[in-house]
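1. below: sequence and its predicted model.
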Amino acid sequence: MLDLSDRILQEGQITRDTALIGQVIKSYQAEVAQKLYVGSADRLKIVLAPQASHSVAVQQLGQGLYLDLGQVALAQRRQLAEPLGRIRQQVANLYAAASQDRSPRHYAGADLWHYFRDQLALDFPSSPDYEDHNHLLVLTDGYLDFESYDGHRQAGHRYASTRFVPELAQRGEQWPAVYKKNNYGLMPLPGPRTAALRHLQVVVAEVQPHAEYHLDILTAIWQQWLQESGMLAPQVLPRGTDLATAQETLGRAFTPRSAQPN
């Protein structure tokens, strides 16, 4: 899932994002090859986080970034270079279109909370064959922010955004105690999780803290949020991670279980 807010205007960010997407595609290829192609019905999908400032071109380029091997004829399943090459090129075109405007004020924030609430289950439908090895890479700076907080839900110190992070960080080393005492965090997702989502392995990558303590707070927020929502705690990778190390970490996280060493 792609957060195409003003984070992509940072120098080198698009290069890093596309390299990590390439690693996901590589892991997908390894998964289907391990199943000898004919035994695979694996799906690869790239989606955009909800964002009010997406242009028509960005919205159009964000469509069709999808490959379902179960819908590919058996005789053609080993010939993945063309469809995967198309996806790579479309991703490159998508980032080029999304980054044409160089003014951060023209970028609305990505509404990640509502994606997880409204769309996640649709992107990971339950299937007996895949319930225990679904993977999600979230490319984001880690902040759940959007253009307006008006009309968005709040319950006590629970929000659908991370608007409270700067205030909490001002407490310095005492932030964990304040966080726990006042029950800060994101509102858990409503409703029960399907088996596909209970076992979903999530990596939140390219997290870019704005100030001291923000990285630790954002990591705590993401892990608490998904666990309270009946899901596994995500792995959080800061943007400061060396790109090669980030790719290696992502490759291990997305390696087919049957291909992992004992």
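-> On my side now, so go ahead. Numbers count the residues shown, from 1 in each chain.
2. need the pLDDT of the closest residue to Pro104 other than its chain neighbours.
-> Once flanking residues are discounted, Pro104 sits nearest to Asp6: 3.9 Å by Cβ to Cβ, 6 or more residues apart in numbering. For glycine as for every other residue, the C-beta is placed from the backbone atoms N, C-alpha and C. You'll see Asp6 listed with a pLDDT of 91.
3. now swap in His152 and tell me
-> According to the model, His152 scores 55 on pLDDT.
4. gap between the residue nearest to Pro104 and Thr140?
-> Going from Asp6 to Thr140 by Cβ to Cβ, to the nearest Å gives 12 Å.
5. ok, these two, which is more surrounded?
-> Thr140 (25 against 20; other Cβ atoms under 10 Å).
6. Ala41 versus the residue lying closest to that one once chain neighbours are set aside, what's the distance?
-> In space, and not counting its chain neighbours, Thr140 is closest to Asp3: 3.7 Å by Cβ to Cβ, 6+ apart. Distance from Asp3 to Ala41, counting by Cβ to Cβ: 29 Å.
7. Leu48 now?
-> 25 Å.
8. taking the centroid of the protein, which residue is nearest it?
-> Val138 (1.2 Å; Cα atoms, centre = their mean).
9. related to what we said a few turns ago, counting neighbours, go ahead and name the busier of Asp3 and Ala41.
-> Asp3 (25 against 14).
10. pretty sure that one is touching Ala110, no?
-> Yes. Taking Cβ atoms under 8 Å as the definition, Asp3 is a contact partner of Ala110 at 4.1 Å.
11. what touches both of the two?
-> Common neighbours of Asp3 and Ala110 (criterion: Cβ atoms under 8 Å, 6 or more residues apart in numbering): Ala49, Gln51, Thr140.
12. so which of these are in strands?
-> Assigned to strands by DSSP state E, none of the shared contacts of Asp3 and Ala110 qualify.
13. for the nearest residue to Leu48 once chain neighbours are set aside, give me its contacts.
-> Excluding its sequence neighbours, the residue lying closest to Leu48 (Cβ to Cβ, 6+ apart) is Gly62, at 4.3 Å. Applying Cβ under 8 Å, 6+ apart to Gly62 gives the contacts Leu2, Ile46, Val47, Leu48, His54, Leu94.
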